[in-house]
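S.K.: please work out how this folds:
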Amino acid sequence: MTSQTVKVTNEAGIHARPASLFLKTATSFKSNITVTKNDRSGNAKSLLGILSIGISKNSEIMIVAEGEDEKEAVAALVKLVESKFGEE
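M.R.: Now for the predicted structure:
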């Protein structure tokens with residue numbers, strides 16, 4: 001299992017467009033991937049799973065992956081969040 005915490009810094013947080021980019025990136029990996037904010041978790045390969053967590057600006061999220069490409073999956077998702085989903 002590989003995990004990393006990252007801060008969401010784009011103005012609108014993770015709304016529909018960034019969530020779809022997050023989902024697209026997550027589904028390109030074989031590992032099971034979960035995203036967690038405080039006590040709420042969701043499947044990173046489910047749009048509803050991501051949006052239901054309510055990730056706003058300055059939220060810290062933990063990305064957890066388990067599987068054969070877990071390190072690459074976490075690294076790619078952290079990079080996507082740190083890039084502000086290309087919004088700024």
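
S.K.: grab the nearest non-local neighbour of Glu23.
M.R.: Let me fix one detail, which is that residue 23 is Leu and not Glu. Using CB to CB, 6 or more residues apart in numbering and skipping residues adjacent in sequence, the residue nearest Leu23 is Leu47, 5.4 Å away. No exception for glycine: its C-beta is placed from N, CA and C like everyone else's.

S.K.: oops, could you answer that again for Gly13 instead?
M.R.: Gly13 sits nearest to Ser56 (CB to CB, 6+ apart), 3.9 Å away.

S.K.: where does the one you found land on pLDDT?
M.R.: Predicted confidence (pLDDT) for Ser56: 96.

S.K.: do His15 as well
M.R.: His15 carries a pLDDT value of 94.

S.K.: for the residue nearest to Gly13, helix, strand, or coil?
M.R.: coil (DSSP: H, G, I helix; E, B strand; the rest coil).

S.K.: how far away is it from His15?
M.R.: Plainly put, Ser56 is 9 Å away from His15 if you go by CB to CB, to the nearest Å.

S.K.: and if you look at Leu51?
M.R.: 8 Å.

S.K.: now do the helices in this structure.
M.R.: 16-27, 47-51, 70-82 (DSSP state H).

S.K.: can you put those helices in JSON lines and add mean neighbour count and distance to Thr5?
M.R.: What follows is the helices of the chain, written out as JSON lines (neighbours: other CB atoms under 10 Å; distance: least, CB to CB, whole Å):
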{"stretch": "helix 16-27", "mean neighbour count": "18", "distance to Thr5": "15"}
{"stretch": "helix 47-51", "mean neighbour count": "17", "distance to Thr5": "16"}
{"stretch": "helix 70-82", "mean neighbour count": "18", "distance to Thr5": "9"}
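
S.K.: and of these, who's closest to Thr36?
M.R.: Closest of the helices of the chain to Thr36 is helix 47-51, at 10.9 Å (criterion: CB to CB).

S.K.: name the helices or strands packed onto the closest one?
M.R.: The helices and strands touching helix 47-51, judged by 3 or more CB pairs under 8 Å, 6 or more residues apart in numbering; DSSP states H and E, are helix 16-27, strand 40-43.

S.K.: and Ser3, which of the helices of the chain is closest to it?
M.R.: Nearest of these (CB to CB): helix 70-82, 6.7 Å.
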